[in-house]
Every structure is written in structure tokens, then in C-alpha cells.
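[1] Make a model of this:
(3 chains)
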Amino acid sequence: MAVFTICLLNGASFGCVLFLLSSGLSLVLGLMGILNLAHGVLYMLGAYIGWTIAAHLGYSFWIAALTAGFATGVMGLIMERGFLRRLIGLPNEQVLLTIGFVYIITNICLWIWGSIAKPPFTAKFLTGAFTVVGWPYPYSRVAIIVVGLSVAFGLWWLQEKTRIGAIVRAGMDDREMTKGLGINLELIAGALFFVGAFLAGFAGVIGAQLIGANLGHGLDILLLALIVVVIGGMGSVQGSLVGAMMIGLVDAFGKILFPDFAMFMLYFLMVIVLVIKPTGLLGRKL
Amino acid sequence: MNQRLSTAVPYLIAVVILVALPLVLQSYYLSVATMILIFGLFAMSLNVIFGHTGLNSLGHAAFFGTAGYVTGIAIVTYGVKSFWTSAPLGILGAAVTAAIFGIIALRVSGVYFLLVTFALGQLLWTVAEKWNSVTMGRSGFVGIPAPDLGLSFLDLESPVGFYYFVFVVFSVCYYLMARLHRSPFGYALQGIRERESRMRALGYNVWLYKYIAYIVAAVFAGMGGILYAHFNGSIAPSHVGFSTSALGMLMVILGGAGVLWGPVLGAALIILLQGFASLLVPARWPLILGALFVIGVMGFRGGIGLHMVKTVRRVFSRGSNQG
Amino acid sequence: MEAIRVEGLYKSFGGVVATSNVSFKVDVGGRLVIIGPNGAGKSTLFNLLNGQLPLDSGKVFLFGEDVTHLPLHKRAHRGMARSFQLTSLFPELTVMDNMMLALHGLRKSRFNPFRRTGSYSTLRDKGKDLLSLFDLWSKRDEQIKMISYGEQRKLEIALCLASNPRLLLLDEPSAGLTTSERQVVMEMIRNLPPDIAVIIVDHDMDLVFGLANRIIVLHFGQIIAEGTPEEIQAHPKVKEVYMGIEEGNGNA
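    Numbering: from 1, shown residues only, chains lettered A, B, ... in the order given. The predicted structure follows:
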């Protein structure tokens, strides 16, 4: 029973990290039709920048998280404004471009931070643990859940209750029509891209409390994010949250129950969902 | 008649150069040339579905790697001696995989197709990594010897012998793909790329064409994988997964999907650059590769191969106009 | 002998009804023209006949056979050919390549992965005949994106004839053409073999009344009038629907 609860909490906390990462990927895919495979390296970049600011230089963890997010947000903006928007209507080329950035950013991270992984780090006041069902449970993980769910709520509120959210949803359903209404969809799309990239870097720092920072993350976390987006659904906050939680739980329980099969299971699930309901469990029609 | 001659001449020149290469190059560079032919074959196979048919697949290496693994396992684990047995087994492995994957992947299109092919490729990658008893796991399947053709005069252990072997296989495959390109089937693939709805209205079973093309492309990719397994003596999970698929895609884009030999050019470019980089700035090669991706996609629309062809055509037509 | 018969066709998209209770038949040799204001559902109807869109309900019979659930490409093999309102050619390929693709469409040879397309001499001759008929032979080696719009529209129709169809669906054949080009297209349709059945959707009243021996008027996806050209011209409901929509309508 204790193991179950711990696994549940672990799954939920990792799920929150995944949510922070995947929401950006999902929304950009839904609105702009761009599959940004570089999203994973933005996470990784964020984790490294956060490490430098918080663990290496000793500044506040939350400042590190926000700064990292801002840096990756800018990086994302450069990617979108400088390159992706010149390839409108060419989805194949766009994907390949993002692959290029994966290589570039990964290598830059190697150049700056070296090949040795950075261990997990957290805010000073978050070191320490609760006692949950007789086991110690880190404050940091609980904090992740709190942060993740708060952001999820905020994004959902933006999506459902604000005008901007309505515009984004309209843009996903019918791009031409929305633009025809005089709305500057390009600007909003760019802003969305920034937000997504920001969240990726932010997630990198948040997640670094669990897995630190290392070069393999660029691809590993991307793969998980893709699975989240496919299973949970593209283009919606709720989809990303549900998908992320599912993957987080499968990962947490999988590590205990069937460690070698966990990845295989996830890809298998991904294929099944793609074939039966390509838009995912809670996704919008693309 | 003149037209036929003019298209044949460049090929003849290329063949002569390729055949004469071992006389000029040292064994290290000859290995590089061999690698170029092998990956050129892989990239060309991807072009069958990507350039000709318009299907963007991020999991093509699955067939390259699978064939390599099947061939390796047949030879090392099961003691199959002859190349003439182990190679068809490898090809069969690639074909069966494609037959299964094709049914799944072709249910969707666009971004979803990209994601499904990606996921399927990664699925096989996890199998290669985890199924230690069969595939030797993460470190790769090693111990694959040179192919045994049963021909005593050809020493396939030497770089020169192996180079000629690869050259022959490459040429045969190139020829077959060239015939395919010019055949009614090949044109139908192009038609599907350009306007699927029209093709259906004309009476073509579009799904069937895509499915067959997918399998044919897998077979050629598999051939490349078999050659690579023998060349390298080993095959690893990375040869099944995303990184090799993306590399192939880059070769096609850089070299040009519109010309048959474009992908080979792309392969040459990347492999040569990788060679230079490993001498001068080995740690920065991925950075350069990434930059190549960006440049290739943003800059050379249609690939370098197409630009070369257009330039040559312009030069020659100007010449004849003045005549 | 009827070429095509449809019964009770119904199609809606979400809440919007595009086609409602459409039934008609065309005999072999018939020349049916479907007219109606924009948004009346003419192209949707064609897509339903063709098989490009699945029906919600209703039946389609082709030469007596129920083809309602037959996939698009199989209908081509049953003798149906269709041109598209938005030019639907293969832009990167040459005129001759386009024609060869159309010519191979119903033949076993379309699966041949080895023989050069250019070596099919009988087909090439047929292609030459068809292209010459439409005055396109001289442009045979040009890419589609290089020829004029009028030439593209002509090729659009020429491709339909490649399969020796018994039923021809022409979707706005005169769209975007100059007056003289329209005359040419009208002549070509008039000269089509009499044993082919033709259904045309168009707006050009000269073409409509010049070619049709039967007219159907669609409005909001329903048939509001059907009859000979004379009957339609005198039909009160038709005048009501078209009043103010088609000004300068010399034939009304």
C-alpha cells in the first residue's frame, strides 16, 4: 500500500514536469501545425541554465527557473521568427529544421557544460521531507505537484475563460476564418510559441529536482513529451495534463513492475492511439 | 538518339571514376567511399517514399537496422555461412517489418504519419536495446564477418575487394530504382505525391501504391543495412532508431529529392564533412550537422543535386541556342 | 439504358445540410446540366457521385450496378470519369506525363515497375491523338505550371477522355476561361461521342442551354426544378432563385 502511494505521488510529480513540457509542444502543434522536435533540448537547456544559476552560483531556485524559462523562450522565439515562419506550409521542412536545432543546441550544451551530468538540485527551503505513509517524501516533489497543477489551472483558465484563449482555439479550428476576422494570428502564434518554449525551459529547472541535467535528456524527454501529446491529445491543456499524468504513472509503476518493458509499452500505446484516434484522448481535430 | 547518349554519358563517366577509385585511393579513403555508397543506397531508398511518393517517414532506419540485425543474427547465432542465404533473410526481415508497419502507418497521413513512423521505429529501437539475449543489447550486435559469396577470387576482407562488392550491389540497386522511377508504377507514385484525388479518379488504388512503395523502399534500405553490417562488423540499436532515420532524411534533403542520384550526393557531403570534422573539431561535429540541417532546409530548396542539374541544363541550352 | 441513377442522396456536414433528397437519372447519350446559385451544393453532389465523399444515405447506380459503397478508384473502372473545378493536374510533370498517367489508369500496365513509360507506343499514339484534339500536342513536354490556365483547363478535360469513359462528370469546365476559350470547350463537349453520358455543372448560361438536353436546378442542396431547357427557362421558381444573382443573363 505504501509502495502504491509513493508510486502514485512519484508518477504525479513526474507527470507535472511532463505536463509543463508538453503543454507548449501540444499547443504549438495544435495552433501552428508545427511539430517542434527541438522542444526537448529547450527543456535540457533550461535545466543547465538553471543549474548554473541555482546550484553553481547559488542564487534563488525560483529566479533560476524563471530566468531559464525566459532564456529558452527567447531561443524559441528566434527559432520561430528567424526560421520556421519562412517555411510556412512546408511541414516536412519545419520538422527537419527543428531536428537541426536539436543537434546544435545539444552540442552547445556539451560545449558549455561538459559531458558529466549535473546532479539534481533544489531550492534551499525545499530540502527535507514529509512523512507519507511511513516513508519520507521530499518537499521538492510536492512542490512540483503544486507548481504543475497551478500552471495547469492558469493555462486552462487562459484557454477557456479569456479572449486570447478563445482566439487561439478559434485559430486551431479555422485559421483562415480567424485571420479574416482581422485578428493578428501571427502575433498570437508567436506569443504562444514563446510561452511554450518558456515552459519547456522552466520545466527543465523544475524537473532538475528529480533528474538533474544531462545531455541525454534532449531526446529522452522529447520522446516522452511526444507520447504525452499523442495520447493526451493535441491542442488542449486538459489533453496535455491527462496525457502527462498517464505517462508519469506508467513510468513510475513501470519502473517497479516491469522495468524493461516500460518504454516499449509507451511506444506501443502511442502507436495504438495514433491509429485509432489520432487526435488523442482529449485532443482537438487537427 | 542524341538524347539517350547525352543521358548515358554522365553515368559512364561516373562508373569509370567509381571503378578506378581503388587505384587512386588509400584504404582509409576507400572505406569512406564504401560508406558513401552504402548510405547513398539508404538515402535513395528513403527517396522512393519521400521524394517520389511524398510520404515523410521518420522511421526508415527501422528497415536498415532490422535487415542488418537479421543478417548478423543469422550468421553469428545460427551459423548461416553463405551470403546468398543470410542476405535474403535480412531483406525478408526488412520486408516483413515494412509489410506490418505499412498497414499501421498508412492509416494516417501528414503529421500523424510522421509520428507513427517515428513511434514504430523507436519501438524497434527499444526491442534492439532490451532484447539482450538476441540482439546483444545496447552495445550492439558484434562479430559479423565479411560476406561469404562462395567466390574464391574475391577477397572481401580487403578494403578493395569489399569496395567492389558494395559497388556492384549499389549499381544493381541504382539500376533497379532508375527503372522504377521511369516506369508506369514510378510515375504513378509521383502522381500520388502531386494530386492523390486525381489519381483515384483516374482509377489508381492509391493505398496499394503507397503500401507497395513502402515495402520496396524498405527492401532497398535493408540491402543497405546488410552491407553496413558486413562493413562495420557490427550493428547497433542506433541504426534502427531516430538518429539514423534523421540522417537519411538530411541526406535526401541536402542532395536533392528531385534527382535520382541526389541522395547519394547528400550522403557524400555529410560523410565527407563528418570525416573532416573528426580530424579538426571532432567534438563539434553534431553542431555542424545541425547547421547543415538548417542550411539545407532553408537554403537549398530542392537540394544541391537539383541546382546542379538546372545549372548544367542552363549552360548547355545556352550553348545550343548560340549554335 | 440508364448510365447513372441516384436515389435519395443525403449529405450533411455537422449541422449544415449540403445535399437533400436528390434523385435523378441520366440515360446513355444524355446531356444533363446541373445549375444553381453558389453554395447550392453542386460540387458536393459531384463528390458524392464520384465517391470522394461518403453518402449519409441514398444510392448510386452505375449502368445498373449499385456502386454506393464502391471506392472511388473502382468507379473509374466501371466507366466513370470526372474533371475537377479547381484544376487538378500534376504540376511538376509534363503535359505528356499527365496524359500517360491518365492513359495507364485502367490498364494492368499501371503496376509495371520496370518498363519505361515512353515505350508504350500504342498508348503514346492514343495520347498524341487526344492531345492533338485539344490542341495541346505542341506543349507535350512542358510542365503544367508553365502552360496557360486555358490550356490547363483543356487538359483537365482531355485527361478524362483517356479512359474511354461511358459517363463523364465535368465540374465547371468553363471556369476562368475567356469567351473564345469557352467556345472551344463547348465545341469539344458537343463533339463528344454520342454514346457517352455527360453530366455538367456550370454557371455559363450559353454553355448550359447550348449543350443540355436536360437541366436540373439545385438550391440549398435540393432539386427545385428539372426538365428540358425550355421548361426550365419558363419555370417560375427558377426565375425567382436566379433573379438578381445572374444579371446580364441573355437567355432568361
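[2] in the chain, which spans are strands?
    No chain was given, so I picked chain A. Ranges of strands in chain A, per DSSP state E, are A:129-132, A:135-138.
[3] was after chain C, sorry
    Secondary structure of chain C by DSSP E: the strands cover C:2-13, C:16-27, C:31-35, C:57-62, C:65-66, C:80-82, C:167-171, C:197-201, C:214-219, C:222-227.
[4] Between the ones you listed, which one is closest to chain B.
    Chain B lies closest, by Cβ to the nearest Cβ, to one member of these: strand C:80-82, at 5.1 Å. C-betas here are computed from N, CA, C, even on glycine.
[5] quick revisit: would you single out the least confident of the strands of chain A?
    Mean pLDDT per stretch puts strand A:129-132 lowest among these, at a mean of 77.
[6] which residues touch the nearest residue to residue C:84 once chain neighbours are set aside?
    Leaving aside its chain neighbours, residue C:84 sits nearest to residue C:171 (5.6 Å; criterion: Cβ to Cβ, 6 or more residues apart in numbering or on different chains). By Cβ atoms under 8 Å, 6 or more residues apart in numbering or on different chains, the residues touching residue C:171 are C:42, C:43, C:46, C:82, C:83, C:84, C:85, C:201.
[7] Try it again at 10 Å.
    C:34, C:42-43, C:45-47, C:50, C:82-86, C:88, C:156, C:199-202 (Cβ atoms under 10 Å, 6 or more residues apart in numbering or on different chains).
[8] How about residue C:136?
    By Cβ under 10 Å, 6+ apart, the neighbours of residue C:136 are C:95, C:96, C:98, C:99, C:130, C:142, C:147, C:151, C:152, C:154, C:155, C:158.
[9] The closest residue to the fifth one other than its chain neighbours: neighbour count?
    Spelled out, it's residue C:130. Using Cβ to Cβ, 6+ apart and skipping the chain neighbours, the partner closest in space to residue C:130 is residue C:158 (5.3 Å). Around residue C:158 there are 24 other residues, counting by other Cβ atoms under 10 Å in any protein chain shown.
[10] what about residue B:180, distance to residue B:190?
    Taking Cβ to Cβ, to the nearest Å as the criterion, residue B:180 is separated from residue B:190 by 11 Å.
[11] Count the neighbours of residue 150 for me.
    All of this is about chain A. For residue A:150, using other Cβ under 10 Å, the count is 11.
[12] switch to chain C, that's the one I care about
    By other Cβ under 10 Å, the burial measure for residue C:150, its neighbour count, is 16.
[13] Do I have it right that it meets residue C:183?
    No. Judged on Cβ atoms under 10 Å, residue C:150 makes no contact with residue C:183 at a distance of 11.4 Å.
[14] Identify the contacts common to the two.
    Joint contacts of residue C:150 and residue C:183 (Cβ under 10 Å, 6+ apart) are residue C:177.
[15] give me the low-pLDDT residue ranges for the stretch 1-150 of chain B?
    Counting by pLDDT under 70, the stretch 1-150 of chain B has low-confidence residues at B:1-6.
[16] can the helix ranked longest in chain B be found next to chain A?
    For chain B, the helix with the greatest residue count under DSSP state H is helix B:206-232. No. Using Cβ under 10 Å from any Cβ of the partner chain, helix B:206-232 stays clear of chain A, coming no nearer than 14.5 Å.
[17] In that helix, which residues are buried?
    For helix B:206-232, the neighbour count (16 or more other Cβ atoms under 10 Å in any protein chain shown) marks B:206-207, B:209-232 as buried.
[18] Likewise for stretch A:273-280?
    Those would be A:273, A:274, A:275, A:278, A:279, A:280, for stretch A:273-280 by 16+ other Cβ under 10 Å.
[19] Quickly note the distance from the closest residue to the fourth one other than its chain neighbours to residue B:211.
    Leaving aside its chain neighbours, residue A:278 sits nearest to residue B:112 (4.5 Å; criterion: Cβ to Cβ, 6+ apart). Distance, residue B:112 to residue B:211, using Cβ to Cβ: 17 Å.
[20] what do you get for residue B:127?
    23 Å.
[21] Ok, residue C:144 next?
    Per Cβ to Cβ, residue C:144 is found 27 Å from residue B:211.
[22] What distance do you get for the residue located most distally from the centre of chain C to residue B:135?
    Ranked by distance from the centre of chain C (Cα atoms, centre = their mean), the top residue is residue C:114, with 33.2 Å. Using Cβ to Cβ, residue C:114 is found at 36 Å from residue B:135.
[23] how about residue A:274, what does it touch?
    Neighbouring residues of residue A:274 by Cβ under 10 Å, 6+ apart: A:230-231, A:280, B:104-105, B:107-108, B:112-113, B:115-120.
[24] Name the nearest residue to residue B:229, ignoring sequence neighbours.
    Nearest residue to residue B:229, sequence neighbours excluded (Cβ to Cβ, 6+ apart): residue B:68, at 3.8 Å.
[25] tally of neighbours for that neighbour?
    Around residue B:68 there are 32 other residues, counting by other Cβ under 10 Å.
[26] Would you quantify the distance from it to chain A?
    Using Cβ to the nearest Cβ, to the nearest Å, one gets 20 Å for the distance from residue B:68 to chain A.
[27] Check residue B:61 too.
    Distance from residue B:61 to chain A, by Cβ to the nearest Cβ: 13 Å.
[28] next one: phi and psi at that residue?
    Phi and psi for residue B:61, reported as degrees, to the nearest 10, are phi -60, psi -20.
[29] which residues does the residue of the stretch 101-250 of chain C found nearest chain A contact?
    At 16.4 Å from chain A, residue C:145 is the closest residue in the stretch 101-250 of chain C, using Cβ to the nearest Cβ. Residue C:145 makes contact with C:89, C:90, C:91, C:92, C:93, C:152, according to Cβ under 10 Å, 6+ apart.
[30] can I assume residue A:136 is in contact with residue A:130?
    Yes. With contact defined as Cβ under 10 Å, residue A:136 reaches residue A:130; the gap is 7.3 Å.
[31] Pick the one among the contacts of residue C:145 closest to residue C:235.
    Within those, the smallest distance to residue C:235 is 35.0 Å, found for residue C:152 (Cβ to Cβ).
[32] my guess is the closest one meets residue C:134, correct?
    No. The criterion here is Cβ under 10 Å, and residue C:152 misses it with residue C:134 at 11.0 Å.
[33] Quick check: neighbours shared by those two?
    residue C:95.
[34] Which one's more surrounded, those two?
    Shown here are residue C:152 and residue C:134; by other Cβ under 10 Å, residue C:134 has more neighbours (22 against 19).
[35] I'd like the distance between that one and residue A:228.
    Computed as Cβ to Cβ, the residue C:134 to residue A:228 distance reads 54 Å.
[36] Which stretches in the chain count as helices?
    Because you didn't say which chain, this covers chain A. Going by DSSP H, chain A shows helices at A:2-32, A:39-50, A:61-78, A:91-113, A:139-161, A:163-173, A:175-180, A:185-211, A:217-232, A:237-257, A:262-276.
[37] right idea, wrong chain: chain C
    C:42-50, C:72-77, C:95-104, C:121-133, C:149-161, C:179-190, C:205-211, C:229-234, C:236-242.
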